[in-house]
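# just the structure for this:
(one chain, ligands or ions: 2)
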Amino acid sequence: MAALASQRCLNHSAREAIARCLECGSFFCRECITEHDERVICASCLKKVAHAAAKPVRRRLNAWPVLQGTGGLMIACFVFYTIGRMLLALPDSVHDGSLWEMDYSDTSAEEESP
Ligand SMILES: [Zn+2]
Ligand SMILES: [Zn+2]
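Ligands and ions are numbered 1, 2, ... in the order given. Modelled structure (predicted):
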């Protein structure tokens, strides 16, 4: 590491370099060098690395699926509640059996068609 002692910081020509950036290979002083993931890199490379690392994570938080899910759940609750109220409001004549047989044949026909 004799070469390192003769090197000067890339940003501060008056200062001696204490480390070499593993990313760009330039020499930097204590002030300019930093450690990232146990690797010694310079500040500009750290910015690059941090930017590259943060890019995929830094997506705009999309709240629409949550809102749509919540809204859909509320709509489903409302629909089922309404259907429940309608079923409760049905007259007793519905329970003579004929309506349910008709419904059953309808659904079975739909299942066989595709
Ligand atoms: Zn660098
Ligand atoms: Zn420096």
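# could you use CA atoms for every contact and neighbour count after this?
Fine.
# what's the end-to-end length of stretch 12-24?
16 Å (CA to CA, to the nearest Å).
# cool, and stretch 23-38?
Stretch 23-38 has its terminal residues 13 Å apart, counting by CA to CA.
# for that stretch, which positions count as buried?
By neighbour count on 16 or more other CA atoms under 10 Å, the buried set for stretch 23-38 is 26-29, 32-34.
# next: stretch 62-78.
Using 16+ other CA under 10 Å as the test for burial, stretch 62-78 gives no buried residues.
# what does that stretch rub up against?
Outside stretch 62-78, not one residue touches it by CA atoms under 8 Å, 6 or more residues apart in numbering.
# mind checking the pLDDT average for it?
Confidence for stretch 62-78, expressed as mean pLDDT, is 89.
# please apply the same query to stretch 14-28.
Mean pLDDT, stretch 14-28: 93.
# tell me if that stretch is near ligand 1.
Yes. Applying CA under 5 Å from the ion, one finds stretch 14-28 touching ligand 1 at 21, 23-24.
# closest one of those to I83?
E23 (65.1 Å; CA to CA).
# tell me the contacts of the closest one?
Applying CA under 8 Å, 6+ apart, the residues contacting E23 are 41-42, 45.
# can you lay out the residues you listed as a markdown table showing distance to L67, secondary structure and neighbour count?
A markdown table is the format used below for the contacts of E23 (distance: CA to CA, whole Å; DSSP: H, G, I helix; E, B strand; the rest coil; neighbours: other CA atoms under 10 Å):
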| residue | distance to L67 | secondary structure | neighbour count |
| --- | --- | --- | --- |
| I41 | 43 | strand | 26 |
| C42 | 43 | strand | 28 |
| C45 | 39 | helix | 18 |
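# per-residue confidence at Y81?
If you check Y81, the pLDDT there is 94.
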